[in-house]
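Peer 1: Curious how this folds, go ahead:
(one chain, ligands or ions: 1)
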Amino acid sequence: MSKQLIYSHLYAWYEVNRRNLPWRETEDPYAIWLSEIILQQTRVAQGLDYYRRFLARWRTVEDLAAADEAEVLREWQGLGYYSRARNLHKAAQQIVEKASPATGDSSLFPRTFEEIRSLPGIGDYTAGAIASFAYNLPYPAMDGNVYRVVARLLDIDEPFDTSAGKKLFHKEIEKLLDRENPRLFNSAIMEFGALYCTPVLGDACATCPLSEFCLGYAHGTADLLPVRKPRPKVRDRWFDYHIYLKPSAVSHQPSEVYTLIHRRENPKDIWYHLYEFPCEELNNDPTAAGGPTGKAGLTAKRSYSNAVYECTHTLSHQRLHARFIIHKVNELPQIEGTIAIPLSALDEYAFSRLTLRALDTLRTSLPH
Ligand code: SF4
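Peer 2: Okay, the predicted model is just below:
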């Protein structure tokens, strides 16, 4: 297989088909890093908005480091996987702390793969992407699209998401990488996987610019690749959220209504440091025969006539069954860890996507 020929076919395809994305037009490592973190687990169309907003609000890594974590989470709201935002903020602070005393120039983003890789929230892929896109350093950037293209080109049926599989794929991409032009190579192969050699191939192989080099196509296995390890079982959880509504006692604000929220404080659980309404987690399905048991100490089937919103929300390894229950009260109950806020201030807090969905639906049932 001639690598030079692969490069020329791949680059010719890329030249014609590449999307104009703002992070492709810059060599600023900060902007590239932002885009890479935002685009993990996020579609480009959705990520674009967030990228522009983050960059407009925090133009440099110093600006981001100086922000409050709560502000960053608030801006991240709706993207999910909030640990990405927390790590982004933590990494910005580390970069500024390290750069300032030694260089007097806190805008200096790390310049080596190892330094970039050592930042919170940055794995091999992201470090390779920043090192190659910003500095044209010869490191591969293996995202899901690249794994797929490499698996098919080389007909590799080893699961790519095991440590042995990762090693094997890494060895192969190291051999394939264009060391003269890593920025172009990584951009082109990622785009090729995203737009052409997609999970469902259809007739793509017949007219593919790389078909003459593709072992998966030659062996008739391309459609079956790449192979993943078996997925872990999804865990079900049941949450009852209680939305307490209490009219204000302040006479000059007759229409202001107060509610309770609290911040999730378990770093090992989902949505660390995000806000939500007081939440009661049940150990099993509260609507099933026998009813909920366990944490809430309940044994009878529980139903709420005032449960105004119910939904299922799926995360990578958890399926959440949520009910939002409205309670109109004269006094807000005393619940440890909660704070009372006016409903009009809800927008100032970062909530999970699940709670935002509920709020969207409930907006008409809540007082304005
Ligand atoms: S021939 Fe098919 S499987 Fe091979 S690289 Fe092209 S599109 Fe992908």
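
Peer 1: how about the strands in the stretch 101-250 of the chain?
Peer 2: Under the criterion DSSP state E, counting those that start in this stretch, the stretch 101-250 of the chain carries strands at the ranges 235-247.

Peer 1: what about the helices in it?
Peer 2: Along the stretch 101-250 of the chain, counting by DSSP state H, counting those that start in this stretch, helices occupy 113-117, 124-135, 144-154, 163-176, 182-195, 215-219.

Peer 1: Of those helices, which is nearest residue 14?
Peer 2: Among these, helix 182-195 comes nearest to residue 14, with 3.8 Å by Cβ to Cβ. C-beta here means a position set from N, CA and C on the backbone, and glycine is covered the same way.

Peer 1: Which other helices and strands does the closest one contact?
Peer 2: In this structure, helix 182-195 makes packing contacts with helix 3-17, helix 124-135, helix 144-154, judged by 3 or more Cβ pairs under 8 Å, 6 or more residues apart in numbering; DSSP states H and E.

Peer 1: List the buried residues of the second one.
Peer 2: If I follow you right, that is helix 124-135. Going by neighbour count (16 or more other Cβ atoms under 10 Å), the buried part of helix 124-135 is 125, 126, 127, 128, 129, 130, 131, 132, 133, 134, 135.

Peer 1: any idea how far it is from the chain center?
Peer 2: Remark: helix 124-135 is offset 18 Å from the chain centroid, using Cα atoms, centre = their mean, to the nearest Å.

Peer 1: Now do it against helix 144-154, angle only.
Peer 2: Angle of helix 124-135 versus helix 144-154, following axes from the mean of the first three to the mean of the last three Cα atoms, to 10 degrees, is 100 degrees.

Peer 1: Report all helices and strands that helix 124-135 contacts.
Peer 2: helix 29-39, helix 113-117, helix 182-195.

Peer 1: give me the low-pLDDT residue ranges for this protein?
Peer 2: Counting by pLDDT under 70, the chain shows low-confidence ranges at 1, 100-107, 249-254, 287-307, 365, 368.

Peer 1: Using the record's assignment, carve it into domains.
Peer 2: 3-224, 235-362 (automatic domain parsing).

Peer 1: Quick check: which of these is buried the most?
Peer 2: Comparing the domains of the chain by mean neighbour count (mean count of other Cβ atoms under 10 Å), domain 3-224 ranks first with a mean of 17.

Peer 1: first vs last residue of that one, how far apart are they?
Peer 2: End-to-end distance for domain 3-224, by Cα to Cα, to the nearest Å: 24 Å.

Peer 1: That domain near the ligand at all?
Peer 2: Yes. For domain 3-224, a contact with the ligand is found by Cβ under 6 Å from any ligand atom, at 149, 152-153, 196-197, 201, 204-205, 208, 210-211, 214, 216-217, 222.

Peer 1: what's next to stretch 72-83, contact-wise?
Peer 2: 38, 40-42, 46-47, 50, 53-54, 57, 64, 84-86, 88-89, 121, 271-274, 315, 348-353, 356 (Cβ atoms under 8 Å, 6 or more residues apart in numbering).

Peer 1: Go through the residues you listed and flag which are in strands.
Peer 2: Counting by DSSP state E, no part of those is found in strands.

Peer 1: Narrow the residues you listed to those in helices?
Peer 2: 38, 46-47, 50, 53-54, 57, 64, 84-86, 88-89, 353, 356 (DSSP state H).

Peer 1: Need the buried residues of helix 124-135 in CSV (columns: distance to residue 263).
Peer 2: Formatted as CSV, the buried residues of helix 124-135 follow (distance: Cβ to Cβ, whole Å):
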residue, distance to residue 263
125, 31
126, 28
127, 32
128, 35
129, 33
130, 32
131, 36
132, 38
133, 36
134, 35
135, 39
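
Peer 1: what residues are up against the closest residue to the ligand within the stretch 1-150 of the chain?
Peer 2: Going by Cβ to the nearest ligand atom, the ligand is nearest to residue 149 of the stretch 1-150 of the chain, at 5.9 Å. Residues in contact with residue 149 (Cβ under 8 Å, 6+ apart) are 189, 192, 193, 197.

Peer 1: run the last query once more with 6 Å
Peer 2: 189, 193, 197 (Cβ atoms under 6 Å, 6 or more residues apart in numbering).

Peer 1: That concludes my questions; thank you for your assistance.
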